[in-house]
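Student: generate coordinates for the sequence data below:
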Amino acid sequence: MKAGQQAAKLAEQAAKLAEQAAKLAEQAAELLTIKSRANTTENHVNALTREGEVKRVAFSASLFASGHETLGPFNAYTNLIFRKVVTNVGNAYNPNTGFFTAPVRGAYHFEFYIGGPGHSSHATAAMLFKNGDRVFAAYEHQSSGYANSANGVTLLLEVGDVVFLRQSPNTRIYDNQNHHNTFSGNLLFIM
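Tutor: The predicted structure follows:
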């Protein structure tokens, strides 16, 4: 083979190698793009999984786990601690403090039922508080029998907002194994 032919063949092989190197560089760039997209997708899936887990927030509790007792009358608002927890999905309700603490920003619905013995000078009443501010009351006053009342509210809560019930001043509440006094809440949707 002549030197000119060898040079042409080497030039052709060099061109093919350069073409293959360009294709490899293109494939490496494409692989990096795919890897980046996969990481982004994985992060998104993990975030949705965490969000889905937090979406499950619901609790329901009654005042006493056992026994019976009349609470009050007291001279000031008194925190009510609902100790018999029936449901506490997401563990946002604390049966030691009576506080519900919002784990995520969202719309939450709460209901509370309050009952007590009728009395000529003492009503049965409780107030729902959000971060120390009064929101809604349940109030009933009758001189005999069993007085009960209920209320509910949907609140927009930020992460860490606290919702709880307090017995109103100069009122009486009675509960027993029938669990007349309950406090419940659940996350409707994340905002």
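Student: make it CA atoms for all contacts and neighbour counts henceforth
Tutor: Noted.
Student: okay, now the residue nearest to His179 when sequence neighbours are not counted: neighbour count?
Tutor: Nearest non-adjacent residue to His179, counting by Cα to Cα, 6 or more residues apart in numbering: Ser62, 5.6 Å away. Ser62 has 26 neighbours, counted by other Cα atoms under 10 Å.
Student: quick one, what contacts Ser62?
Tutor: Shown in contact with Ser62 (Cα atoms under 8 Å, 6 or more residues apart in numbering): 82-86, 179-183.
Student: quick check: phi and psi at it.
Tutor: Main-chain torsions, Ser62, degrees, to the nearest 10: phi -120, psi 160.
Student: low pLDDT regions in this protein?
Tutor: Counting by pLDDT under 70, the chain contains low-confidence ranges at 1, 31, 41-54.
Student: please redo it, this time with the cut-off set to 80
Tutor: By pLDDT under 80, the low-scoring segments of the chain are 1-19, 21-22, 24-55.
Student: what's near enough to touch Ser184?
Tutor: 58-61, 110-112.
Student: surely Ile114 touches Tyr146?
Tutor: No: if you go by Cα atoms under 8 Å, Ile114 and Tyr146 don't touch, sitting 10.5 Å apart.
Student: which one's more surrounded, the two?
Tutor: The neighbour count for Ile114 versus Tyr146, taken as other Cα under 10 Å, is higher for Ile114 (29 against 16).
Student: strands along this protein, start to end?
Tutor: For the chain, the strands defined by DSSP state E occupy 58-62, 69-71, 78-79, 84-89, 93-94, 99-101, 106-117, 124-130, 133-140, 146-157, 162-167, 173-175, 182-190.
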